[in-house]
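1. sequence unknown, structure follows:
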């Protein structure tokens, strides 16, 4: 499996960071058909060939994605889209 890891610093309080994470999840779910669920401050998502999590920290948000064999060819495009979305959503 290909792995994608992206960390983005933020200055949001926890409710605002959670709302921002939900916006990222909603976008990913719409684009990639992911099922998302919260587990505390961790947003877990999955679909066939993709699984991952978005973890909220006090000053950063980190996303980790594992791509299955069939999705590995799309890893650079997925990584760029996720990085752009994280930057736009969490950056000051």
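-> Arrived safely, thanks for sending. The model shown is predicted, which means the values in this text are computed figures rather than measured ones.
2. who does the lowest-mean-pLDDT helix or strand in the chain touch, helix- and strand-wise?
-> Considering only helices and strands, the least confidently modelled element of the chain by mean pLDDT, DSSP states H and E is helix 14-32, at a mean of 85. Contacts of helix 14-32 with other secondary structure elements, assessed using 3 or more C-beta pairs under 8 Å, 6 or more residues apart in numbering; DSSP states H and E, are made with strand 35-39, strand 42-47, strand 50-56, strand 60-67, helix 75-90. Placement of C-beta: from N, CA and C, glycine included.
3. mind giving me JSON lines with the ones you listed and columns for distance to residue 23 and mean pLDDT?
-> Formatted as JSON lines, the entries for those read as follows, by distance: least, C-beta to C-beta, whole Å; pLDDT from 0 to 100:
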{"stretch": "strand 35-39", "distance to residue 23": "11", "mean pLDDT": "92"}
{"stretch": "strand 42-47", "distance to residue 23": "11", "mean pLDDT": "93"}
{"stretch": "strand 50-56", "distance to residue 23": "11", "mean pLDDT": "93"}
{"stretch": "strand 60-67", "distance to residue 23": "11", "mean pLDDT": "94"}
{"stretch": "helix 75-90", "distance to residue 23": "6", "mean pLDDT": "90"}
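4. Quick one, which of these gets closest to residue 12.
-> Residue 12 lies closest to helix 75-90 among the helices and strands packed on helix 14-32, at 7.0 Å (C-beta to C-beta).
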